[in-house]
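Participant: let's see this in three dimensions:
(one chain, ligands or ions: 1)
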Amino acid sequence: MDRRAFIIKSAAFLAGNFSVSGRFSRNADAAIPWAKTKRIPGIAIIIDDIGYSRKRAWQFLKIGTPLTFSILPQLTYSCELALAIHEQGHEIMLHQPMEPYNLKNHNPGPGAIYTRDGQEQIQHIMDQNIRSTPFVIGVNNHMGSRFTENSDKIRPALEVVRSNDLFFIDSRTSGRSVAYKTALAMHMTTLPRHTFLDNSTLQSAILARLNQLKRRALKYGYAIGIGHPFPWTAKAIARFASDLNPSQIKLTYISEVLKTAKTDR
Ligand SMILES: [Zn+2]
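Facilitator: I've put the predicted structure just below:
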């Protein structure tokens with residue numbers, strides 16, 4: 001989108017006329033096995049937990065490589081950062097807060113959905129979150145170890161994602177998550193993340209995870225990693241990106257990975 005189109009779209013959003021439909025066409029060439037194409041394998045990195053701090057988001061924008069930003073709803077900088085990130089040409093997802101185990105120590109924050117919520121409430125909250133975050137093309141879960149294990153609850157949540165023509169990435173915060181499986185059964189555009197990048201704060205550990213993603217992408221044509229807005233993560237991604245051989249492998253957007261993915265079914 002050029003700058004003029006961006007401004008028009010931003011103005012429409014701010015005037016409350018923003019439409020969330022039709023921004024992502026599902027399953028465009030999803031069935032093409034990557035090895036038969038001339039495509040360069042791609043790694044999509046999603047940076048989660050955006051919305052608390054401008055500075056933390058900007059350290060990733062400054063890297064100058066394609067990244068996808070997943071924005072928490074209803075925070076001080078959620079809307080402002082969505083507009084700025086879009087203006088820089090990057091992709092935006094809604095980082096939908098969902099109930100984790102051990103709520104006492106892990107608060108999912110504003111706009112969260114809980115297993116105690118009824119279907120209508122789940123769908124109302126998610127609709128609000130999607131509508132309040134401009135330029136969202138997909139959704140992944142923030143926390144949600146309890147919520148994503150519950151198929152009766154995840155289904156109505158995914159229905160909202162589907163009805164808004166968005167894709168879903170399962171962050172896999174629980175090994176027993178049924179979110180990806182349910183989204184597949186609902187014929188949605190969906191993939192699970194493959195690797196969390198920064199469970200450790202050590203550069204060497206983050207680089208090792210990035211190299212793991214690279215090996216996966218070279219083998220299957222694509223890989224999805226999730227990182228968090230920490231300075232050490234930004235540094236490791238910048239270093240990894242500058243060392244990549246662009247004729248062999250590239251960092252790319254999540255929508256590109258979804259288009260080219262030969263799914264793990
Ligand atoms: Zn998160």
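Participant: pop out the phi and psi values for the closest residue to Ala261 other than its chain neighbours.
Facilitator: Residue nearest to Ala261 in three dimensions, not counting chain neighbours: Tyr222, with 5.3 Å by C-beta to C-beta, 6 or more residues apart in numbering. C-beta here means a position set from N, CA and C on the backbone, and glycine is covered the same way. Geometry field for Tyr222 lists phi and psi as phi -160, psi 160, criterion degrees, to the nearest 10.
Participant: how many neighbours does Tyr222 have?
Facilitator: Counted with other C-beta atoms under 10 Å, the burial measure for Tyr222 works out to 26 neighbours.
Participant: need phi/psi at Ala179.
Facilitator: Backbone dihedrals for Ala179, given as degrees, to the nearest 10, come out at phi -60, psi -50.
Participant: do I have it right that it meets Thr148?
Facilitator: Yes. Under the criterion of C-beta atoms under 8 Å, Ala179 lies in contact with Thr148, with a separation of 4.3 Å.
Participant: now the common contact residues for those two.
Facilitator: 141, 154, 170 (C-beta atoms under 8 Å, 6 or more residues apart in numbering).
Participant: report pLDDT for Ala30.
Facilitator: The pLDDT attached to Ala30 in the predicted structure is 42.
Participant: which parts of the stretch 51-200 of the chain sit against the ion?
Facilitator: In this structure, the stretch 51-200 of the chain approaches the ion at residues His142, judged by C-beta under 5 Å from the ion.
Participant: what ranges do the helices span in the stretch 51-200 of the chain?
Facilitator: Counting by DSSP state H, counting those that start in this stretch, the segments of the stretch 51-200 of the chain that form helices are 54-61, 78-87, 119-132, 151-163, 179-185.
Participant: so which bits of the second one are buried?
Facilitator: Just to be clear, that refers to helix 78-87. Applying a neighbour-count criterion of 16 or more other C-beta atoms under 10 Å, the buried positions in helix 78-87 are 78-79, 81-86.
Participant: which one's more surrounded, Ala179 and Thr148?
Facilitator: Taking other C-beta under 10 Å, Ala179 and Thr148 do not tie; Ala179 has more neighbours (29 against 26).
Participant: residue of the stretch 101-250 of the chain nearest the ion, please.
Facilitator: Using C-beta to the ion, the single residue of the stretch 101-250 of the chain nearest to the ion is His142, 3.6 Å away.
Participant: and stretch 243-260, which residues are buried?
Facilitator: The neighbour-count check on stretch 243-260 (16+ other C-beta under 10 Å) flags 249-260 as buried.
Participant: returning to what we had before: what are the bridge partners for the residue of the stretch 101-250 of the chain closest to the ion, then?
Facilitator: Beta bridges link His142 to Pro97 when assigned by DSSP bridges.
Participant: tell me, how many residues neighbour it?
Facilitator: When counting by other C-beta under 10 Å, one arrives at 23 neighbours for His142.
Participant: list the contacts of it.
Facilitator: Shown in contact with His142 (C-beta under 8 Å, 6+ apart): 48-49, 70, 72, 95-98, 108-109, 171.
Participant: any idea of the pLDDT on it?
Facilitator: Per the predicted model, pLDDT is 98 at His142.
Participant: and if you look at Lys38?
Facilitator: Listed pLDDT for Lys38 reads 71.
Participant: residue contacts, it?
Facilitator: For Lys38, no residue meets the contact criterion (C-beta under 8 Å, 6+ apart).
Participant: so it, which of the three states?
Facilitator: The three-state assignment at Lys38 reads coil, by DSSP: H, G, I helix; E, B strand; the rest coil.
Participant: gap between it and Ser247?
Facilitator: Remark: distance between Lys38 and Ser247 (C-beta to C-beta, to the nearest Å) = 12 Å.
Participant: is it possible to get CSV of the contacts of His142 that adds pLDDT?
Facilitator: Rendered in CSV, the data for those read as follows (pLDDT from 0 to 100):
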residue, pLDDT
Asp48, 98
Asp49, 98
Ser70, 98
Leu72, 98
His95, 98
Gln96, 98
Pro97, 98
Met98, 98
Pro108, 98
Gly109, 97
Ser171, 98
